[in-house]
Structure formats: structure tokens, C-alpha cells
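In: Model the following, please.
(one chain, ligands or ions: 3)
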Amino acid sequence: MGAGKTTVGRALAQRVGLRFLDSDHEIERREGCTIATLFAREGEQGFREIEARVIEDLTERDGIVLATGGGAVLRESNRKALHGRGVVVYLRASPDELAHRTRNDRSRPLLQTADPRTRLRELFRQRDPLYRETAHFTIDTGRPSAAMLTHLVLTQLELAGVVDPSRAPVQPGSRERPGRD
Ligand SMILES: Nc1ncnc2c1ncn2[C@@H]1O[C@H](COP(=O)(O)OP(=O)(O)OP(=O)(O)O)[C@@H](O)[C@H]1O
Ligand SMILES: O=C(O)C1=C[C@@H](O)[C@@H](O)[C@H](O)C1
Ligand SMILES: [Mg+2]
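Out: Numbers count the residues shown, from 1 in each chain. Ligands and ions are numbered 1, 2, ... in the order given. Now for the predicted structure:
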């Protein structure tokens, strides 16, 4: 949560000329309300059901850059759909860094506690192995700016033959997917 998936994903899509989609935005569009309202109305489990349907739908599409919500890796079906249908980049950040980036933002219900830093530490412990299992690449987001991270992700994808260095996206399925990191 707050690692930069939306920020970097959108910039990456622009750089490679692909459509950008974000599962949180798609959930808000389909449900006609904010994530915070949805959590209040349906609880986290209700939100996860909707999220799983959206991930299933969006990972069926070709030619997109998809940013997920931070908890999408919690479900095995989501992890399988993401890893099997796409090239997954884990933007890894420390709980302290995430706490700093999200400190003024009230839109993430799971961080509306007296001690968001401790919550982020718990989430990191639970989720880091799941992100690693799901990702083809891991990029540490500690110091670099979002613009630098976009460049780093792009370079990784070029080296793996996922996008052409001339910025033309490789056709889905035309080259072997990269292995796990
Ligand atoms: N590399 C970075 N360095 C510093 N700040 C960053 C960086 N990447 C993103 N940010 C900032 O951190 C905040 C969270 O970023 P963003 O919304 O892209 O995270 P996210 O991973 O999509 O979060 P969520 O899981 O909640 O969807 C934003 O204010 C963004 O500007
Ligand atoms: O990390 C999480 O569990 C979440 C992250 C956000 O992207 C939203 O999907 C929601 O706030 C839950
Ligand atoms: Mg996001």
C-alpha cells in the first residue's frame, strides 16, 4: 500500500504506449463509490470478493499495464491469474517508507488506525512472501523517485524482451515470459 503501483504503472503505460488500468479504480467505477465506502458497506471480505472478480476480468486483457490494489496478492486465484497471464513487477518498499508516503492520505481504510506504521509492518510480514511468489521481477523502491523507478522497470522489461527498446510493446505471447527473479 503506497509503494507506487498506480504512479509508476501509469507512467510506464505512457512510456510504452499501452492502456493503463488500475483494479482499485475499476472497482470504484463498477460499484459507483470509493474504496473507503465499499469497505464500510461490505467489510474487507466483501471488498476482496469484488476485487477478485475485477482481477479475473482485467488479467484477461492484452496490451495493458495493470496496477493492482495492495492486497490483491492475498488470494491464490489472483496470484495465479497475475503471474500466469502477465509479467508482474513487485515494487518493494519498507514499512517505514510506506508509512511516510501514505501519512496524509485518508483513502486507505486499513491504515485508518492509531498506529499505521505497526499495521504496515504486519501487512509487510504477511504479504512480502506472496508478492515474491507472484512477481517475475522485484524492484526496491527505497530511494529512487517515481520517474527513476519507471525507468528501472522499463529497463528490466527491455532486458527480458517484454518490451522493445524502441518502446514498441512486444505482442503478447510472441516471446517467452521471463522466469521468476
Ligand atoms: N518512488 C517514490 N518515491 C516517493 N514517493 C512516491 C514514490 N512512488 C509513489 N510515491 C508517492 O506515494 C504515494 C502512494 O503512491 P501510489 O498511490 O502510486 O501507491 P500504490 O502502490 O498505488 O498504493 P495502493 O496500494 O494503495 O493502491 C503517492 O503520494 C505517490 O506520489
Ligand atoms: O493493501 C490493501 O489491502 C489495500 C490497498 C489499496 O490499494 C486498496 O485496494 C484498499 O485500500 C486495500
Ligand atoms: Mg494504487
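In: Based on its surroundings, how many neighbours for residue 153?
Out: Counted with other C-beta atoms under 10 Å, the neighbours of residue 153 add up to 23. Where you see a C-beta, it was placed from the backbone N, CA and C, and this is true even at glycine.
In: ditto for residue 94
Out: Number of residues near residue 94 (other C-beta under 10 Å) recorded here: 15.
In: hang on, it packs against residue 142?
Out: Yes: Residue 94 is within contact range of residue 142, at 6.8 Å (criterion: C-beta atoms under 8 Å).
In: Give me every residue in this structure lying close to ligand 2.
Out: For the chain, the residues in contact with ligand 2 (C-beta under 6 Å from any ligand atom) are 1, 24, 35, 69, 70, 71, 108, 109, 110.
In: mind redoing it with 5 Å?
Out: Residues of the chain lying near ligand 2 by C-beta under 5 Å from any ligand atom: 1, 24, 35, 69, 70, 71, 108.
In: Number of residues surrounding the closest residue to the fourth one other than its chain neighbours?
Out: Spelled out, that is residue 69. Closest residue to residue 69 apart from its sequence neighbours, by C-beta to C-beta, 6 or more residues apart in numbering: residue 24 at 4.7 Å. The tally of other residues near residue 24 (other C-beta under 10 Å) stands at 21.
In: cool, the one 3 residues further on as well?
Out: Neighbour count of residue 27, defined by other C-beta under 10 Å: 20.
In: Would you mark the buried spots in the host helix or strand of it?
Out: Assigned by DSSP states H and E, residue 27 falls within helix 23-31. Using 16 or more other C-beta atoms under 10 Å as the test for burial, helix 23-31 gives 23, 24, 26, 27, 28, 31.
In: contacting residues around residue 146?
Out: Counting by C-beta atoms under 8 Å, 6 or more residues apart in numbering, residue 146 touches 4, 7, 8, 11.
In: which bits of this protein sit near ligand 1?
Out: By C-beta under 5 Å from any ligand atom, the residues of the chain that approach ligand 1 are 1, 2, 3, 4, 5, 6, 7, 70, 101, 146.
In: how about the strands in the chain?
Out: Counting by DSSP state E, the chain has strands at residues 19-22, 64-67, 89-92, 137-140.
In: any chance of these in JSON lines, plus mean pLDDT?
Out: Conversion of those to JSON lines gives the following (pLDDT from 0 to 100):
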{"stretch": "strand 19-22", "mean pLDDT": "98"}
{"stretch": "strand 64-67", "mean pLDDT": "98"}
{"stretch": "strand 89-92", "mean pLDDT": "98"}
{"stretch": "strand 137-140", "mean pLDDT": "96"}
